[in-house]
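Trainee: Task: produce atomic coordinates for the following.
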Amino acid sequence: MRYTVSIEIALPREKTVQLLSDPAHLPKWLRGLVLHEPLSGEHGQLGTTSRVVLQTGGRKFECIETITRREPADLRRIPRTSVVHFDREIVGEGMWSAVRERLTEAGPETTLWESENEYRFNGFAMKLVRLVMPGAFRKQSQQHMQDFKAFAEQGKDVREATD
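Mentor: Predicted coordinates for the structure are as follows:
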């Protein structure tokens, strides 16, 4: 299963990238995050593997995330014409995923965030989820992007949401 989602953030790309890459901000916009801890390497750096635990509904999902691409390596003073790439591979029970993030300047004060997502499933339970709820993964990706936009632009924290 493959899909691409995108969103415009009303902030300059460098500021958007700084907020997105700072692990201290993850719980503020990544709905359901219980834990994100590096097992090897430094958070967000190429080759780093991290244990990630998410809770959706009453169910916890644990996976291992590996950073497979981060360009440029230094996220300060990014040339205007450069595309920021942030790719990762995620492996969990019954699932493998590759996420390829691209951040470009849509204007001097606007960032376009595009996210290509690919999923492969093994195991009966995850294959059943894919068949019964095929749009759930795309919807969750879009929700994360919308939550980040609200955090970045307005300072909204998903942990304080009432919905």
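
Trainee: N122 contacts E93, correct?
Mentor: No - using Cβ atoms under 8 Å, N122 is not in contact with E93, being 9.5 Å away. The C-beta positions use only the backbone N, C-alpha and C, and glycine is treated the same way.

Trainee: residue ranges of the helices in this structure, please?
Mentor: Secondary structure of the chain (DSSP state H): helices at 13-21, 26-29, 124-132, 136-154.

Trainee: Throw those helices into TSV and include distance to G58 and mean neighbour count, thanks.
Mentor: Conversion of these to TSV gives the following (distance: least, Cβ to Cβ, whole Å; neighbours: other Cβ atoms under 10 Å):
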stretch	distance to G58	mean neighbour count
helix 13-21	29	19
helix 26-29	19	19
helix 124-132	15	12
helix 136-154	16	16
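
Trainee: closest to E105 out of the ones you listed?
Mentor: Closest approach to E105 among those (Cβ to Cβ): helix 13-21, 4.9 Å.

Trainee: could you dump the closest one to PDB, C-alpha only?
Mentor: Extracted C-alpha coordinates of helix 13-21, given in PDB (Å, rounded to 0.1, in the frame of the first residue of the first chain):
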ATOM      1  CA  ARG A  13      11.200  26.200   6.000                       C
ATOM      2  CA  GLU A  14      14.200  26.500   8.300                       C
ATOM      3  CA  LYS A  15      11.900  27.100  11.300                       C
ATOM      4  CA  THR A  16       9.600  24.300  10.300                       C
ATOM      5  CA  VAL A  17      12.500  21.900  10.000                       C
ATOM      6  CA  GLN A  18      13.900  22.900  13.400                       C
ATOM      7  CA  LEU A  19      10.500  22.300  15.100                       C
ATOM      8  CA  LEU A  20       9.900  19.000  13.200                       C
ATOM      9  CA  SER A  21      13.400  17.700  14.100                       C
END
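
Trainee: returning to what we had before: nearest to R88, of the helices of the chain?
Mentor: For R88, the closest of these is helix 13-21, at 12.0 Å, according to Cβ to Cβ.

Trainee: how big is the angle separating the closest one from helix 136-154?
Mentor: With axes from the mean of the first three to the mean of the last three Cα atoms, to 10 degrees defining the directions, helix 13-21 sits at 120 degrees from helix 136-154.

Trainee: same for helix 13-21, what does it pack against?
Mentor: strand 84-92, strand 95-107, strand 110-121, helix 136-154 (3 or more Cβ pairs under 8 Å, 6 or more residues apart in numbering; DSSP states H and E).

Trainee: helices and strands around the shortest one, which ones?
Mentor: Read it as strand 84-92. helix 13-21, strand 59-71, strand 95-107.
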